[in-house]
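A.B. asks: Provide a 3D model corresponding to the input given below.
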Amino acid sequence: MVLNSDVLFHPQLLTDLLTARHEDAILVSYRNGTKYGDEEMKVKMSGGLLLDISKTMNPDEADGENVGIVKFGKTGAVVLLKEMDALVGSGELRSWAPRAFLAFSKMRPLHVVGTNGYPWTEIDFTEDYQRAREEVLPQIPASVPLQSVATSEER
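C.D. replies: Have a look, this model is predicted:
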């Protein structure tokens, strides 16, 4: 799993990705009229597969946005690590992981799993944090309080 730590998301998104029938898959929020700017990691897809992923993609050409959660099977993880090692080996120490995902998708299919309307947001700026608190968090079910979970000593 690759999971960006600045993403607040409904737990169903992770369940949907992990249970997807494809070994290698990326979670994508389909456009649905969304206007993209320079900050979003935009994606282009065809036939349920990732074709392109980039922040610099022309927003009008984007089919959706990368959520920041990707899964790889055993074989796919080996391929991804080779791509990431190649980026580092060529001196591209600040390249985004999605650049490795794109290289991966040229060698092995990276299937798209949609968000199906479940809420999520990336938190980069103060405005993102406010949106996360006011709009996204209220749509996410509360987790089980820690005090109600029995520890191994109590069982």
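
A.B. asks: make it CA atoms for all contacts and neighbour counts henceforth
C.D. replies: OK.

A.B. asks: start to end distance for stretch 123-132?
C.D. replies: Its first and final residues considered, stretch 123-132 spans 7 Å by CA to CA, to the nearest Å.

A.B. asks: residues in contact with that stretch?
C.D. replies: With contacts defined as CA atoms under 8 Å, 6 or more residues apart in numbering, stretch 123-132 is touched by 6-8, 121-122.

A.B. asks: Buried among those? Need that as a selection in PyMOL.
C.D. replies: Selecting only the buried entries of those in PyMOL, with 16 or more other CA atoms under 10 Å as the criterion:
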select buried, resi 7+8+121+122
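
A.B. asks: quick one: which of the contacts of stretch 123-132 is nearest residue 75?
C.D. replies: residue 7 (26.2 Å; CA to CA).

A.B. asks: Could you report the pLDDT at the closest one?
C.D. replies: As predicted, residue 7 sits at a pLDDT of 97.

A.B. asks: What is the most widely separated pair among the contacts of stretch 123-132?
C.D. replies: Spatial extent of these (CA to CA) is set by the pair 6 and 121 at 8.4 Å.

A.B. asks: And the helices in this structure, which stretches?
C.D. replies: In the chain, the segments counted as helices under DSSP state H are 11-19, 74-89, 97-107, 126-131.

A.B. asks: Any idea which of the ones you listed gets closest to residue 64?
C.D. replies: helix 97-107 (14.1 Å).

A.B. asks: Pull out the buried residues from that closest one.
C.D. replies: Neighbour-count burial for helix 97-107 [16+ other CA under 10 Å]: 98-105.

A.B. asks: can you give me the angle that helix makes with helix 74-89?
C.D. replies: Orientation of helix 97-107 against helix 74-89 (axes from the mean of the first three to the mean of the last three CA atoms, to 10 degrees) gives an angle of 120 degrees.

A.B. asks: Now do helix 97-107, average pLDDT.
C.D. replies: Per-residue scores along helix 97-107 average to 95.

A.B. asks: Can you tell me which helices and strands it packs against?
C.D. replies: Packing contacts for helix 97-107, counted by 3 or more CA pairs under 8 Å, 6 or more residues apart in numbering; DSSP states H and E, involve strand 49-54, helix 74-89.

A.B. asks: Could you export those as CSV, including mean pLDDT, distance to residue 112 and mean neighbour count?
C.D. replies: Below are these laid out as CSV (pLDDT from 0 to 100; distance: least, CA to CA, whole Å; neighbours: other CA atoms under 10 Å):
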stretch, mean pLDDT, distance to residue 112, mean neighbour count
strand 49-54, 97, 5, 20
helix 74-89, 95, 15, 16
